[in-house]
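# Got a sequence here, can you model it:
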Amino acid sequence: MSVNNIDQVLAQMRVIKAQAMGNPELTDPGAESVSFSSMLKQTIDSVNRTQLQASEMKQAFELGDKEVNLAEVMVAVQKSDISFEAMVQVRNKLIDAYKEVMNMPI
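This next block holds a predicted model:
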């Protein structure tokens, strides 16, 4: 997940909190509206790109490309692993929230 996506999520959460607390002056009317599904898709695409880049770098290093060094490969692989783990944790939280909503009495 990129820093820009995290900043967007935090800004959106602040706006929702301000609206819920009845402080419309704290909301940002000029902020662009981003749907949750599009933000989720962008994040998944970003994780996928990170994994593809790491995979390409590993393959280039294994084939003996002189322009790719081991440190860059290891950093790319770690970024890929961390972004995937973050995405899995978000998925788990979403599933937990869904289960909680579905178990609410009507």
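# What is the burial count for residue 98?
Around residue 98 sit 10 other residues, with neighbours defined as other C-beta atoms under 10 Å. In short, each C-beta sits where N, CA and C put it, glycine included.
# Just the element for it, please.
Residue 98 is part of helix 70-102 when elements are defined by DSSP states H and E.
# how close does residue 100 sit to residue 39?
When C-beta to C-beta, to the nearest Å is the yardstick, residue 100 and residue 39 sit 21 Å from each other.
# neighbour count winner among the two?
Taking other C-beta under 10 Å, residue 100 and residue 39 do not tie; residue 39 has more neighbours (15 against 9).
# distance of that one from residue 62?
The separation that residue 39 has from residue 62, given C-beta to C-beta, amounts to 35 Å.
# Quick check: buried residues in stretch 84-94?
When neighbours are counted by 16 or more other C-beta atoms under 10 Å, the buried residues of stretch 84-94 are found to be residue 87.
# cool, stretch 58-71 as well?
Of the residues in stretch 58-71, 58, 61, 68 count as buried by neighbour count, 16+ other C-beta under 10 Å.
# Which single one of those residues is nearest to residue 11?
Each of the buried residues of stretch 58-71 was checked against residue 11 using C-beta to C-beta; the closest is residue 58, at 35.4 Å.
# elements contacting the helix or strand hosting that closest one?
Under the criterion of DSSP H and E, residue 58 resides in helix 36-62. For helix 36-62, the contact count by 3 or more C-beta pairs under 8 Å, 6 or more residues apart in numbering; DSSP states H and E identifies helix 3-20, helix 70-102 as packing neighbours.
# Have a look at the chain and report the helix or strand with the lowest mean pLDDT.
Across the helices and strands of the chain, mean pLDDT, DSSP states H and E gives its lowest value to helix 3-20, namely a mean of 70.
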